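# coords please:
(one chain, ligands or ions: 1)
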Amino acid sequence: MTFAICLKCGEAKHGAWISCSACSFTPDDDESMTKSLILTDHYQNVEALTSMAAAIKSGRAVSFDPGLLKEMWVDSKAINRSTRNCAVGCVVAAVIGLAGSGWIIWRWL
Ligand SMILES: [Zn+2]
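Next up, the predicted model:
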C-alpha cells in the first residue's frame with residue numbers, strides 16, 4: 001500500500017492519484033499527478049513526507065526539484081489511454097474466455 005500525502009491539504013492518503021478523503025482533491029493533470037507521485041513513500045522517506053505534509057498544512061508551498069519533476073513527469077493522457085486499452089483488452093479476454101468455455105460445454109452435451 002502506498003503512503004501518500006495530499007498535494008492540496010497535506011492529509012495522509014493511500015495511493016498518489018486517489019482522491020483525498022479530507023478535501024476531495026484528485027490529481028487529474030500532468031503537473032498534479034507528477035507532484036502527487038513524488039509525495040509518496042516510493043520517492044520520499046517518512047521524515048520528508050511528514051515535513052512536507054506540515055508545510056502544506058501550514059499553507060507553505062512545497063518546492064519540488066525541477067530536475068526530479070522533469071524526470072518523473074506524468075503524461076496524464078497516456079495514463080488514460082493505457083487504462084482504456086487495458087479495459088478493452090480485459091473485455092476481449094473475457095469474451096474469448098466465455099466463448100471458449102461455452103464451446104467446451106457444447107462439446108460435452
Ligand atoms: Zn486533501
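# which helices and strands does the longest helix anywhere in the chain pack with?
When the chain is parsed with DSSP state H, its longest helix is helix 76-108. Packing contacts for helix 76-108, counted by 3 or more CB pairs under 8 Å, 6 or more residues apart in numbering; DSSP states H and E, involve helix 30-38. To be clear about C-beta, it is placed using only N, CA and C from the backbone, and glycine gets the same treatment.
# Apart from its neighbours in sequence, what residue is nearest W73?
T34 (5.3 Å; CB to CB, 6 or more residues apart in numbering).
# Kindly report the same for V46.
Nearest to V46 is F3, by CB to CB, 6+ apart, at 7.8 Å.
# Return the residues in contact with the one you found.
Neighbouring residues of F3 by CB atoms under 8 Å, 6 or more residues apart in numbering: A12, H14, T40, D41, V46, L49.
# The ion versus the fifth one, what's the distance?
Spelled out, it's V46. According to CB to the ion, to the nearest Å, V46 stands 19 Å off from the ion.
# what do you get for the first one?
When distance is defined by CB to the ion, A12 is 9 Å away from the ion.
# Please tell me I have it right and that residue contacts A53.
Yes: under the criterion of CB atoms under 8 Å, A12 makes contact with A53 at 7.1 Å.
# Give me the more crowded residue out of the two.
The neighbour comparison of A12 against A53 (other CB atoms under 10 Å) goes to A53, with 19 against 14.
# Tell me which helix or strand the more buried one sits in.
Following DSSP states H and E, one finds A53 within helix 46-57.
# just the angle between that helix and helix 30-38, please?
140 degrees (axes from the mean of the first three to the mean of the last three CA atoms, to 10 degrees).
# Which other helices and strands does the helix or strand just after helix 46-57 contact?
Using DSSP H and E, the next helix or strand after helix 46-57 towards the C-terminus is helix 66-72. Using 3+ CB pairs under 8 Å, 6+ apart, the elements in contact with helix 66-72 are helix 30-38.
# Need the contact partners of the helix it packs on.
Under CB under 8 Å, 6+ apart, the answer for helix 30-38 is 4, 6-7, 16-17, 27, 43-44, 62, 64, 68-69, 72-76, 79.
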